[in-house]
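Undergrad: Predicted coordinates and the sequence they were generated for:
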Amino acid sequence: MSYATQKLAEEKVFKDPVHRYIHVRDQVIWDLINSREVQRLRRIKQLGTSYLVFHGAEHSRFNHSLGVYEIVRRISDDIFHGRPEWDESERLVVLCAALLHDLGHGPFSHSFEKVFSVDHEMFTREILLGDTEVNEILLRVSSEFPKKVAEVIAKTYSNKQVVSLISSQIDADRMDYLQRDAYYTGVSYGHFDMERILRVMRPLDDQVVIKSSGMHAVEDYIMSRYQMYWQVYFHPVARSAEVILRKILQRAKELSGSGYKFEQPPTHFLAFFDRSFTLKEYLALDEGVLMTYFQLWMTERDPILSDLCDRFVNRRLFQYVDFDPGKDYKKLGELAQLFHSAGIDPEYYLIDDSTSDLPYDFYRPGEEEERLPIHLLMPSGDIKELSRLSQIVDAISGKRRTDYKLYFPAELLIDGKKKAIKQQILEMLREGGL
Amino acid sequence: MLQEHAKIVDFIATAEGVTGRKKLQKMIYIMKKMDMPFQEKYEFHIYGPYSEELTARVEELCDMGFLSEALEDKGSYVQYKYSVTEEGMEFRKVLGKSILDNPLTAGKLNAKSGRFLELTATLLYFDNLNRQEQIEKLHVVKGKLNFTAEEIDEAFAFIEDLRS
């Protein structure tokens, strides 16, 4: 028996709060789960700074990766199995891609990537193709296998059905994270009838379609996604923590570049400051490492770095106000000047942040074929795009919602120093000046 | 403040307007690959490198009144033309100076067709591969577009030119 088809003597199961059980029978999957690079995902939270708002949201990318694997396993082994439109030989590659799709995420991914201009997808590819335990396991399947898994995750694989299962507007990734994040945050949104959706999924030509009888379950999924984005993922307080995190990394980088003598040198970050990092250095980072630095830097001499770290560790977050950038951008400049005059560095203490989401999009003139819509399979065998049949989805299709916030440390503006200037700032921030 | 928005305005102003959403997507992607400091995150969206963040930013800039979006009817299809408004030119000043070391690059990109830029962007997406593998991947992901050997050679030469 080849390694690719080798089964465990007994099926292994992981207890899971979302899917009840995660089932593993393939030796390859079991070996991948036990690799160093997959185990590292236990030390990276799925929702970054959201735990500072939703205290239950401490779940990791490891949990989520197993969840995506389980959904794809069920689709492949139960729903698509035996269907002529599905190529059974793709089973192992799609299972591996599901398990490994988030492998390149780093600690507090979003902030880390922004400050150091790195891309987790590049690291995913490097982990799959480089000198790692994961690569060594995948190579045992075949010499081309690591590349195939990397192509599925990068969405450049030739079989688009396989890509769609991992990455499309209704994929295993989203179906797992919506339910998982809802469970761990404790919110009541994010729930939908996944069982129903799975049962009506069908492989067809170069995509995965949904039988029209499952349309209402898909509507529910899209509404869940919409609500989760605005209630959880874009929560303004979690964004405040993220802004501070970004500024900590930016400050450490700036201090290092200026020759500042750290009491706790940023050893783990140096290669990222000068962009000379290796995969090994990237994999050595996790959220435990970052939090340790933040705790130690709370006593650094640099007042900005120590203050920002204290804010993050002890959850003394920035306040925020809404603003309209089209109208207010000149006032932002004035405000920055006032911050300077008040002795508060606006680069670190006055930060604009915007976020936006498109709940579902099927077509945008001029961007044809950039995104694959959700297609419904009609009883006649015809295919129809979801929003043509669903009034609910049609109502939110293509409608982007954007939110702009301005973050600042409220208590520094009422500490009694430089009172007149700070009063002016407060008036601009709170009394309609913006 | 709003630096990333201002960079997009700066680019479109330097290019003296851009016609085509897809073209703008590919132009910014190519600029990023030339180490221009654009922060928009790109992913391969089944048919090529595409940035949801850029789409969002351009829509926001139109809402803010810094970009104007005009629909051009080309008969069998429509195209959107983006230009910088007067307010946008004023807003551009938040950058201090232009981010483009060489303003000619924006013009060079703008002179090319959307199809050619799509080809160039896709080849650049696979620039971790050797040339032959890049071409093979191009045919896998863009098979329907039937790029010719001449077009591909021209795109490689264009990339060299941009990098020089």
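TA: That came through fine.
Undergrad: Okay, strands next: where are they in chain B?
TA: Using DSSP state E, the strands of chain B run over residues B:18-19, B:43-44, B:49-50, B:67-73, B:78-84.
Undergrad: now the first one, how far from the centre of its chain.
TA: It refers to strand B:18-19. Taking the mean of its C-alpha atoms, strand B:18-19 sits 10 Å from the chain's own mean (C-alpha atoms, centre = their mean, to the nearest Å).
Undergrad: need the contact list for residue A:317.
TA: A:52, A:237, A:240, A:241, A:244, A:311 (C-beta atoms under 8 Å, 6 or more residues apart in numbering or on different chains). C-betas here are computed from N, CA, C, even on glycine.
Undergrad: so where does it fall, helix or strand?
TA: Under DSSP states H and E, no helix or strand contains residue A:317.
Undergrad: Kindly list the longest strand within chain A.
TA: Per DSSP E, chain A has its longest strand at strand A:7-16.
Undergrad: Am I right that residue A:215 sits in a helix?
TA: Yes - counting by DSSP: H, G, I helix; E, B strand; the rest coil, residue A:215 is part of a helix.
Undergrad: Wait, it touches residue A:375, no?
TA: No - under the criterion of C-beta atoms under 8 Å, residue A:215 is not in contact with residue A:375, lying 11.2 Å apart.
Undergrad: Just the pLDDT for residue A:356.
TA: Per-residue pLDDT puts residue A:356 at 77.
Undergrad: what sits in contact with each of residue A:215 and residue A:375?
TA: Joint contacts of residue A:215 and residue A:375 (C-beta under 8 Å, 6+ apart) are residue A:386.
Undergrad: neighbour-wise, which of the two wins?
TA: Between residue A:215 and residue A:375, counted using other C-beta atoms under 10 Å in any protein chain shown, residue A:375 has the larger neighbour count: 22 against 19.
Undergrad: now, of the strands of chain B, which is deepest in the fold?
TA: strand B:49-50 (a mean of 22; mean count of other C-beta atoms under 10 Å in any protein chain shown).
Undergrad: quick one: residue B:116 from chain A, how far?
TA: 17 Å (C-beta to the nearest C-beta, to the nearest Å).
Undergrad: The closest residue to chain B within the stretch 51-200 of chain A: what secondary structure?
TA: For the stretch 51-200 of chain A, the residue closest to chain B is residue A:155, as judged by C-beta to the nearest C-beta, at 4.5 Å. Of the three states, residue A:155 takes coil under three-state DSSP.
Undergrad: So it sits against residue B:42, correct?
TA: No - under the contact definition of C-beta under 8 Å, residue A:155 does not touch residue B:42, with a separation of 11.5 Å.
Undergrad: higher neighbour count, those two?
TA: Of the pair residue A:155 and residue B:42, residue B:42 is the one with more neighbours under other C-beta under 10 Å, namely 23 against 19.
Undergrad: number of nearby residues for the residue nearest to residue A:242 when sequence neighbours are not counted?
TA: Leaving aside its sequence neighbours, residue A:242 sits nearest to residue A:49 (C-beta to C-beta, 6 or more residues apart in numbering or on different chains; 4.9 Å). Using other C-beta under 10 Å, residue A:49 has 24 other residues around it.
Undergrad: Likewise for the one 10 residues further on?
TA: Other residues within reach of residue A:59, judged by other C-beta under 10 Å, total 22.
Undergrad: can you tell me how far the closest residue to it other than its chain neighbours sits from residue A:105?
TA: Spatially, and ignoring its direct neighbours in sequence, residue A:59 is nearest to residue A:184 (4.5 Å; C-beta to C-beta, 6+ apart). For residue A:184, the distance to residue A:105 equals 17 Å [C-beta to C-beta, to the nearest Å].
Undergrad: go on, residue A:285?
TA: Relative to residue A:105, and taking C-beta to C-beta, residue A:285 is found at 11 Å.
Undergrad: Tell me which of those two has more neighbours.
TA: residue A:105 (24 against 20).
Undergrad: helices or strands next to the longest helix anywhere in chain B in the packing?
TA: Counting residues, the longest helix found in chain B (DSSP state H) is helix B:149-163. Applying 3 or more C-beta pairs under 8 Å, 6 or more residues apart in numbering or on different chains; DSSP states H and E, one finds that helix B:149-163 contacts helix B:104-110, helix B:114-125, helix B:131-141.
Undergrad: Only the buried residues of the longest strand of chain A, if you could.
TA: For strand A:7-16, a neighbour-count test (16 or more other C-beta atoms under 10 Å in any protein chain shown) marks residue A:16 as buried.
Undergrad: Can you name the next helix or strand after it?
TA: strand A:20-26.
Undergrad: Now tell me what touches that following strand from outside.
TA: Contact with strand A:20-26 is made by A:6-8, A:11-16, A:30, A:33, A:66-67, A:69-70, A:73, A:92, A:95, as judged by C-beta under 8 Å, 6+ apart.
Undergrad: Next, residue A:169: secondary structure please.
TA: Per three-state DSSP, residue A:169 ends up coil.
Undergrad: Please disregard the earlier target; I meant residue A:198.
TA: Assignment for residue A:198 (three-state DSSP): helix.
Undergrad: Verify the contact between it and residue A:74 for me.
TA: Yes - applying C-beta under 8 Å as the test, residue A:198 and residue A:74 come out as touching, 6.2 Å apart.
Undergrad: which residues touch the residue in the stretch 201-350 of chain A positioned nearest to chain B?
TA: Here the stretch 201-350 of chain A gets closest to chain B at one residue, residue A:326, 3.1 Å apart by C-beta to the nearest C-beta. For residue A:326, the contact set (C-beta under 8 Å, 6+ apart) comprises B:63, B:64, B:65, B:66, B:87.
Undergrad: Do stretch A:126-135 and chain B come into contact?
TA: No - Stretch A:126-135 does not reach chain B (C-beta under 8 Å from any C-beta of the partner chain); its nearest approach is 9.2 Å.
Undergrad: Show me what counts as buried in that stretch.
TA: Buried, per 16+ other C-beta under 10 Å, within stretch A:126-135: A:126, A:127, A:128, A:129, A:130, A:132, A:133, A:134, A:135.
Undergrad: And stretch B:7-23, by the same measure?
TA: Quick answer for stretch B:7-23 (16+ other C-beta under 10 Å): B:7-15, B:18-23.
Undergrad: CA atoms of that stretch as PDB?
TA: Provided in PDB are the C-alpha atoms of stretch B:7-23 (Å, rounded to 0.1, in the frame of the first residue of the first chain):
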ATOM      1  CA  LYS B   7      -1.300  57.000  -2.900                       C
ATOM      2  CA  ILE B   8      -4.000  55.700  -5.200                       C
ATOM      3  CA  VAL B   9      -5.000  59.300  -6.000                       C
ATOM      4  CA  ASP B  10      -1.400  60.200  -6.700                       C
ATOM      5  CA  PHE B  11      -1.000  57.200  -9.100                       C
ATOM      6  CA  ILE B  12      -4.100  58.000 -11.100                       C
ATOM      7  CA  ALA B  13      -3.200  61.700 -11.200                       C
ATOM      8  CA  THR B  14       0.300  60.800 -12.500                       C
ATOM      9  CA  ALA B  15      -1.200  58.400 -15.100                       C
ATOM     10  CA  GLU B  16      -3.600  61.200 -16.100                       C
ATOM     11  CA  GLY B  17      -6.600  59.000 -15.600                       C
ATOM     12  CA  VAL B  18      -7.100  55.300 -16.000                       C
ATOM     13  CA  THR B  19      -9.800  53.600 -18.100                       C
ATOM     14  CA  GLY B  20     -10.900  50.200 -17.000                       C
ATOM     15  CA  ARG B  21     -11.400  48.700 -13.500                       C
ATOM     16  CA  LYS B  22      -9.500  45.600 -14.400                       C
ATOM     17  CA  LYS B  23      -6.700  47.700 -15.900                       C
END
